[in-house]
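Participant: test case, fold it:
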Amino acid sequence: MAKTIVVGLDIRDLRIAKTGARTYLEEIYKEFQKGRPGFRFHFFDTSIPVYTGRNKFLKLIEQLRFIFWKQIILPIKAASKGCDVLFCTDYFVPVVNLNYKTVPVFHDAFFWEYPEHYNKYWLMTFNFLGVWAAKRAKYITTPTKYAKKTVLSYLPVQADKVIPIAEAPKTLVNSPSGTSQSPSSKTRKYILHIGVFEKRKNLIVLVEALHMLRSAGYLDYSLVLAGQFSPKSDMDGSVEIIE
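Facilitator: All right, here's what the predicted structure looks like:
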């Protein structure tokens, strides 16, 4: 009889993530909860509330708690459940592997490409622990081939270690009748961007590109930005976009 593969999933980020990273983790969590023949799944979360406020001192304390979770608590939990694989969707996996293989998800290479948009302490955590642990991981997944290419341009690992896995569509819940809204576009043709309004998204250039397009006589196009303001004040680009 084939051995049952035990997979652990870190779901602590559901307490704090608010953008695409949360959607990604939510959808994987839903699928893993359904179970799969030959697999057993365990879901690891903290029992302590996660601080999400703006106080700089408390944010620093929370970052230290995050490191303690990833490098101490999570490995112990995974080992205690006999995990063969520990999967984390937020770039960070434990450096120490206690008889299991780690697999992080690198959604992009923005930590390297746009370091000015990240808190310096968070950037230090990624460049030291995140990169170190990724090098020791069994595999790294990315959402696209392009993301794999950019990650490999910064991360010194074998190319066959990085595996692109396309993201599935989000599970949608039908809105109650009469509450759905259409984009307030003035034209029948529009360019759509979906994502959080963060500076690293470079949405200012997209707005300027639309202006150039319309200045060239293409007046039948509008721009629709669908998303929320960034919950991180130092990364929020909504003011510049509105201006």
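Participant: on the three-state scheme, the residue of the chain most remote from its centre is what?
Facilitator: Distance from the C-alpha centroid of the chain, by CA atoms, centre = their mean, peaks at residue 217 (38.3 Å). Under DSSP: H, G, I helix; E, B strand; the rest coil, residue 217 falls in the coil class.
Participant: ok, longest helix in the protein?
Facilitator: As assigned by DSSP state H, the longest helix anywhere in the chain is helix 20-34.
Participant: contacts only, for the closest residue to residue 44 other than its chain neighbours.
Facilitator: Spatial nearest neighbour of residue 44, excluding adjacent residues (CB to CB, 6 or more residues apart in numbering): residue 77 at 4.9 Å. Bear in mind the C-beta positions are built from the backbone N, C-alpha and C, glycine included. Contact analysis of residue 77 by CB atoms under 8 Å, 6 or more residues apart in numbering lists 8, 42, 44.
Participant: quick one: which of those residues has the most company?
Facilitator: Ranked by the number of neighbours (other CB atoms under 10 Å), these place residue 8 first, at 27 neighbours.
Participant: ramachandran angles for that one?
Facilitator: When read as degrees, to the nearest 10, the backbone of residue 8 gives phi -110, psi 140.
Participant: how about residue 62?
Facilitator: Phi and psi for residue 62, reported as degrees, to the nearest 10, are phi -60, psi -30.
Participant: quick one: it and residue 56, what's the gap?
Facilitator: 11 Å (CB to CB, to the nearest Å).
Participant: likewise residue 77?
Facilitator: When CB to CB is the yardstick, residue 77 and residue 56 sit 30 Å from each other.
Participant: ok, residue 223 next?
Facilitator: Distance from residue 223 to residue 56, by CB to CB: 35 Å.
Participant: the more surrounded of those two?
Facilitator: Neighbour totals were compared for residue 223 and residue 56, and residue 223 leads with 19 against 10 (other CB under 10 Å).
Participant: helix, strand or coil: sort out that one for me.
Facilitator: strand.
Participant: partner residues bridging it?
Facilitator: For residue 223, the beta-bridge partners are residue 191 (DSSP bridges).
Participant: that one and residue 32: what is the separation?
Facilitator: Residue 223 sits 37 Å away from residue 32, taking CB to CB as the criterion.
Participant: now do residue 56
Facilitator: Here the criterion is CB to CB. By it, residue 56 lies 35 Å from residue 32.
Participant: what ranges of this structure fall below the confidence cut-off?
Facilitator: 174-186, 231, 233-234 (pLDDT under 70).
Participant: let me see the ranges of the helices in it.
Facilitator: Under the criterion DSSP H, the chain carries helices at the ranges 20-34, 56-68, 74-80, 110-113, 120-125, 131-136, 145-152, 203-215, 238-242.
Participant: out of those helices, which comes closest to residue 172?
Facilitator: Residue 172 lies closest to helix 20-34 among the helices of the chain, at 11.0 Å (CB to CB).
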